[in-house]
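K.L.:
coords please:
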Amino acid sequence: MALRYTLICDGSSDTALLPILDWLLNTNGVTNDIQSEWADLSRLRPGQTQKLDSKICWGLKLYPCDLLFIHRDAEREPRENRINEVNNAIQKAAQQVQMVPPVCVIPVRMTEAWLLFDEASIRQASGNPNGSGSLSLPAISDLEGLPDPKDILYSLLKQASGLNMRRLKAFYVAERARRVTRYIKDFSPLRSLPAFAALESDLRNVIVQSMWRNPSI
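P.N.:
Predicted coordinates for the structure are as follows:
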């Protein structure tokens, strides 16, 4: 039987998290087939998804699952503030729908910080995997302190593409950014980041409690 999970996030750019979540599930002992869904709530009226608890309710109604990932970027807030925000929304949603095990996904400062450690994947996502131009990636230890990881990732993708200014006008960098994690096979370098380590620890606890883990691991 497949393990179905749904990701609730702010927008389509955060679907880059899906390969990361798949990897975490597999690495932490889930041997079932994994079916991942992004809760695309764009077809609903804005008022229906204005609050996070409403997003959770609609996500569960429209995308039934066994496990729910709820993403919020920390941005300029302490990670603990976002955790409290998500947990409060979960409690409110639980009064309206049948909850499944939830896991908070809170990158510091934003999702793109977790996409800045693998040069080869950035080159592949840019459409120019064999490019030789120099790319200066930040040190992994600095990722959670970057003020604007998205801007850095976008700049790196443009550099890696090797395109001139005229052709860059047709280079849809946001779409390219979503592709980066598709090419990464090993996310273990991110384990040195406190926010990523916390996500893995929380997910591991849910896997064990839900008995999804291969007992031989």
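K.L.:
what is the burial count for residue 136?
P.N.:
Residues near residue 136, counting by other C-beta atoms under 10 Å, number 9. From N, CA and C alone the C-beta is placed, and that goes for glycine too.
K.L.:
do the same with residue 96
P.N.:
Residue 96 is flanked by 13 other residues according to other C-beta under 10 Å.
K.L.:
go on, residue 85?
P.N.:
One way to gauge burial is a neighbour count; for residue 85, by other C-beta under 10 Å, it gives 16.
K.L.:
buried ones in the helix or strand where it lies, by neighbour count?
P.N.:
Using DSSP states H and E, the element containing residue 85 is helix 79-93. Along helix 79-93, these residues count as buried under the neighbour rule (16 or more other C-beta atoms under 10 Å): 79, 82, 83, 85, 86, 89, 90, 93.
K.L.:
stretch 131-148 now?
P.N.:
131, 143, 144, 146.
K.L.:
how close does the last one get to residue 113?
P.N.:
As judged by C-beta to C-beta, to the nearest Å, residue 146 and residue 113 stand 6 Å apart.
K.L.:
same check on residue 204?
P.N.:
In this structure, residue 204 and residue 113 are separated by 21 Å, where distance is defined by C-beta to C-beta.
K.L.:
between the two, which one's more packed in?
P.N.:
With neighbours defined as other C-beta under 10 Å, residue 204 and residue 113 compare such that residue 113 has more, 28 against 17.
K.L.:
residues in contact with residue 111?
P.N.:
If a contact means C-beta atoms under 8 Å, 6 or more residues apart in numbering, then residue 111 has 13, 14, 16, 17, 71, 73, 149 as its contacts.
K.L.:
hmm, who's touching stretch 83-94?
P.N.:
51-57, 60, 70, 72, 99, 102, 104, 106.
K.L.:
can you give me the domain boundaries for the chain?
P.N.:
According to automatic domain parsing, the chain is divided into the following domains: 3-108+193-209, 112-182.
K.L.:
I'd say residue 214 and residue 29 touch.
P.N.:
Yes - because the distance of 4.8 Å satisfies C-beta atoms under 8 Å, residue 214 is recorded as touching residue 29.
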